[in-house]
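Enquirer: structure of the sequence below:
(one chain, ligands or ions: 3)
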Amino acid sequence: MRSTTGWQAHGGTLRKEPISRRDLRSDDIAVRVDFCGVCHTDLHGLKAHDGESPLVPGHEFTGVVTEVGPDVTAFRVGDAVAVGNIVDSCGTCSMCAAGQENFCREFPTLTYGGKDRHDGTTTLGGFSREYVVRDKFAYPLPSGLDPAAAAPLMCAGVTVWEPLRALGVGPGMRVAVAGLGGLGHLAVKFAVALGAEVSVVSRSADRADDVMQLGARDVVVSSDTESVQASRDRFDVLIDTIPVAHDLAPYLALVAMDGTLSQVGYLGGITVEALDLLVGRKKLTSGGSGGVPATAAMLEFCAAHGLTADVEVLPSARVTEALDRLERGDVRYRFVLDLSDLG
Ligand SMILES: NC(=O)c1ccc[n+]([C@@H]2O[C@H](COP(=O)([O-])OP(=O)(O)OC[C@H]3O[C@@H](n4cnc5c(N)ncnc54)[C@H](OP(=O)(O)O)[C@@H]3O)[C@@H](O)[C@H]2O)c1
Ligand SMILES: [Zn+2]
Ligand SMILES: [Zn+2]
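Expert: Numbers count the residues shown, from 1 in each chain. Ligands and ions are numbered 1, 2, ... in the order given. The predicted model follows:
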């Protein structure tokens, strides 16, 4: 085993501690983690943590390769890489064969809180100085992308990228993004770069200026009945990134005939009135993470468009502050931890 330092959960708080990484398998690379984004899923994970299995959050990171296994040909020591929220899959099921490792029939191995397919250990995430990952699930970081601002592309980014692509978002389409946080602001940037006409559905109009800077046209204020009414049946695609259980009816009302609401934020049980789908033949879908080909395509797209997240970078010692502020919605639009303070 190898030893590194990470931020491990104890009763909902994170403590800096030595953690173990596996010795490299033949197709593994070791990555010095430089930057890791703070996702709302990390908050959910910390709140739900029962202490039975270890928890080191963090599943969108960038860094540099420090060692490669004997069968690795795609990476060399010194390469800049990016890793997201999936680090392995069965590789043989129909989903994996189709390049949708995120939907692996055996369930993909998650970057943290997952079960390693070989040794059964619980995976520990990127709030640490080193990560050991199978080469297939690491991606070359395009040289034009800032490593701190690129880290959130690997979870927040690809989670909205895949549905936007699957729904054919492009010129002539009207897209709404509900919840202007980590996922939401990247959904806006992607949809704008793909040529769509983009609006934001937010709890307040406070961020209207920011929204324009991201390239969106306007804000639909979800608490303002008039604002919502004025945008009825307006959007071909609505990407819903709201992190809590909520009534979908007012959001479905914003979707145009034959349009689609993609619910990627809250992943628990939801109740939908069939009539809210019937009137206008509306569709409801979801998505999560991305397959290997889509993730690579997203990074290429980002490099071509100079597109990264808007980030506030903090030393990892301030992780608790980042989580507290994320919970309060006090972030524009993603915290990224600089792990260099872990040595
Ligand atoms: N499907 C997947 O694989 C996947 C991947 C990553 C994350 N997620 C989930 O996606 C959700 C969003 O993640 P994130 O990192 O983007 O979170 P975030 O940065 O906190 O953004 C969420 C946004 O939703 C809005 N919001 C927050 N609380 C709300 C409430 N109580 N009611 C209505 N709107 C609220 C806020 O936007 P406004 O202020 O504009 O209203 C907020 O900025 C989380 O639940 C996360 O677990 C899913
Ligand atoms: Zn995430
Ligand atoms: Zn599979």
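
Enquirer: which residues does the residue lying closest to residue 318 once chain neighbours are set aside contact?
Expert: By the measure of CB to CB, 6 or more residues apart in numbering, the closest residue to residue 318 outside its immediate chain neighbours is residue 337, 7.9 Å from it. Backbone N, C-alpha and C define where each C-beta goes, glycine included. Taking CB atoms under 8 Å, 6 or more residues apart in numbering as the definition of contact, the neighbours of residue 337 are 35-38, 58, 127, 313-316, 318-319, 322.

Enquirer: once you drop chain neighbours, what's closest to the closest residue to ligand 2 within the stretch 201-343 of the chain?
Expert: Residue of the stretch 201-343 of the chain nearest ligand 2, by CB to the ion: residue 289 (8.2 Å). Sequence neighbours aside, residue 102 is the residue nearest to residue 289 in space, at 4.1 Å (criterion: CB to CB, 6+ apart).

Enquirer: with residue 157 instead?
Expert: Nearest to residue 157 is residue 186, by CB to CB, 6+ apart, at 4.8 Å.

Enquirer: what number of residues lie near the one you found?
Expert: Neighbour count for residue 186, taken as other CB atoms under 10 Å: 32.

Enquirer: for ligand 2, what are the nearby residues on the chain?
Expert: Along the chain, the residues adjacent to ligand 2 under the rule CB under 5 Å from the ion are 39, 41, 155.

Enquirer: could you find the closest non-adjacent residue to the first one?
Expert: Put plainly, it is residue 39. With CB to CB, 6+ apart as the criterion, residue 39 has its nearest non-adjacent residue at 5.3 Å, and that residue is residue 155.

Enquirer: need phi/psi at the one you found.
Expert: Here the main-chain torsion angles of residue 155 (degrees, to the nearest 10) amount to phi -120, psi -70.

Enquirer: and it, how many residues sit next to it?
Expert: Each residue near residue 155 was counted by other CB under 10 Å, and the total is 32.

Enquirer: could you do the one 5 residues further on as well?
Expert: Taking other CB under 10 Å as the neighbour definition, residue 160 ends up with a count of 29.

Enquirer: quick check: it touching residue 241?
Expert: Yes. Counting by CB atoms under 8 Å, residue 160 sits close enough to residue 241 to count as a contact (7.2 Å).

Enquirer: which residues are in contact with both of the two?
Expert: Common neighbours of residue 160 and residue 241 (criterion: CB under 8 Å, 6+ apart): 177, 183, 184, 187, 264.

Enquirer: between these, identify the one with the most neighbours.
Expert: Scoring the shared contacts of residue 160 and residue 241 on neighbours with other CB under 10 Å, the highest-scoring entry is residue 187 at 35 neighbours.

Enquirer: next, give phi and psi for the residue nearest to residue 318.
Expert: In terms of degrees, to the nearest 10, the main-chain angles of residue 337 are phi -90, psi 130.

Enquirer: and the pLDDT for it?
Expert: At residue 337 the predicted local distance difference test score is 98.

Enquirer: state the distance from it to ligand 1.
Expert: Using CB to the nearest ligand atom, to the nearest Å, we find residue 337 at a distance of 14 Å from ligand 1.
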